[in-house]
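Asks: here's my sequence, what's the structure:
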Amino acid sequence: MLIKVKDLRPKSNDVNLLVKVVNVRKASRKGQRSRRVFLCKVGDETATIELRVTDNQVDIVKKGSTLILYKAKIDVIEGSMELMVPAHGNIQVQQESATFAVKEDNNMSVIEWNKFQILA
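Replies: The predicted model follows:
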């Protein structure tokens, strides 16, 4: 079952999403100097979120691509949500582009989630 980006919360885990890649940029993280880490703004017709990709994932995520993310999860970094696909998950590039327009004015990563009480 696919969920929408607007429905992601800080404790979201093992979720599947269909998203388009809006942009890709190199990220720097302390303690991850030997790994390639990129942040990608991805979204659907409801919202956008930052997707963190590492190592071999970097090679398949391109601006404009449509992806299905399997078993993705949310990490909260400095109060902001980041989506990631762990080793037991999968990123699948779709051959055909999704037909929806990405809703870029609702960025789930800019909400300061540390100001909210997160219930399980």
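Asks: spatially central residue in this protein, please.
Replies: residue 51 (2.8 Å; Cα atoms, centre = their mean).
Asks: what packs against the host helix or strand of that one?
Replies: Per DSSP states H and E, residue 51 falls inside strand 48-54. Applying 3 or more Cβ pairs under 8 Å, 6 or more residues apart in numbering; DSSP states H and E, we find strand 48-54 packed against strand 15-26, strand 37-43, strand 80-84. The C-beta positions use only the backbone N, C-alpha and C, and glycine is treated the same way.
Asks: next, the buried residues of that strand.
Replies: 48, 49, 50, 51, 52, 53 (16 or more other Cβ atoms under 10 Å).
Asks: now do the contacts for the residue nearest to the centre of the chain.
Replies: Counting by Cβ atoms under 8 Å, 6 or more residues apart in numbering, residue 51 touches 19, 21, 39, 40, 41, 42, 61, 69, 82, 83, 84, 85.
Asks: what's around the last one, how many residues?
Replies: This means residue 85. Number of residues near residue 85 (other Cβ atoms under 10 Å) recorded here: 21.
Asks: what about it, distance to residue 105?
Replies: Separation of residue 85 from residue 105 (Cβ to Cβ, to the nearest Å): 25 Å.
Asks: check the fourth one too.
Replies: Distance, residue 40 to residue 105, using Cβ to Cβ: 18 Å.
Asks: sounds good, over and out.
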